[in-house]
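**Student:** Need a 3D model of the following:
(one chain, ligands or ions: 1)
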Amino acid sequence: MIDKSRFLQEIAAQAAEYGVEIHVREEFIDMKIADRDVVAKTSREEYEAGVVIGADGYNSRECSKNNSI
Ligand SMILES: Cc1cc2nc3c(=O)[nH]c(=O)nc-3n(C[C@H](O)[C@H](O)[C@H](O)COP(=O)(O)OP(=O)(O)OC[C@H]3O[C@@H](n4cnc5c(N)ncnc54)[C@H](O)[C@@H]3O)c2cc1C
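**Tutor:** Just a heads-up that it's a prediction; the model follows:
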């Protein structure tokens with residue numbers, strides 16, 4: 001059996017080692033395409049990114065709302 005909490009902490013630590021910036025307690029609100037980037041709006045800020053990966057779970061509202069997979 002996998003301890004999901006520990007598993008997530010471990011992959012987050014590995015991602016951080018590769019320079020990933022991690023934000024917690026920040027709700028994704030919406031995103032839009034701007035030029036060649038995506039602008040993702042959260043409860044705190046707006047971020048520009050080349051790629052956005054929706055990982056909001058089995059009952060994802062965000063991916064279906066944005067016609068993503
Ligand atoms: C009823 C049910 C039973 C299941 N039983 C099993 C099982 O026995 N074994 C198994 O292996 N899998 C099971 N699964 C599947 C399991 O839940 C998923 O495989 C796994 O949890 C998916 O992980 P995830 O990280 O993709 O999504 P989740 O674990 O769902 O995480 C999604 C995260 O996104 C966050 N989020 C959502 N919306 C936003 C937003 N707008 N902004 C910011 N954050 C947001 C949520 O708070 C959550 O923390 C089950 C699923 C369901 C629905």
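
**Student:** Tell me, what's the model's pLDDT at His23?
**Tutor:** His23 is assigned 92 on the pLDDT scale.

**Student:** Let me know the helix or strand that it is in.
**Tutor:** Of the helices and strands defined by DSSP states H and E, none includes His23.

**Student:** right, and it touches Ser43 too?
**Tutor:** No. With contact defined as C-beta atoms under 8 Å, His23 and Ser43 do not form a contacting pair (10.1 Å). Heads up, the C-betas are built off the backbone N, CA and C, glycines and all.

**Student:** can you map out the strands along the chain?
**Tutor:** For the chain, the strands defined by DSSP state E cover 28-34, 37-42, 46-49.

**Student:** Let me have those strands in CSV, extended by mean pLDDT, mean neighbour count and distance to Arg6.
**Tutor:** Output for the strands of the chain, formatted as CSV (pLDDT from 0 to 100; neighbours: other C-beta atoms under 10 Å; distance: least, C-beta to C-beta, whole Å):
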stretch, mean pLDDT, mean neighbour count, distance to Arg6
strand 28-34, 91, 13, 24
strand 37-42, 94, 15, 26
strand 46-49, 93, 13, 27
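
**Student:** and the ligand, which of those is closest to it?
**Tutor:** strand 28-34 (3.5 Å; C-beta to the nearest ligand atom).

**Student:** thinking again about what came up before, export the strands of the chain to TSV and append columns for distance to Ser5.
**Tutor:** What follows is those, written out as TSV (distance: least, C-beta to C-beta, whole Å):
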stretch	distance to Ser5
strand 28-34	21
strand 37-42	23
strand 46-49	25
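
**Student:** Using a markdown table, lay out those strands together with distance to the ligand.
**Tutor:** Below are the strands of the chain laid out as a markdown table (distance: least, C-beta to the nearest ligand atom, whole Å):
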| stretch | distance to the ligand |
| --- | --- |
| strand 28-34 | 3 |
| strand 37-42 | 7 |
| strand 46-49 | 13 |
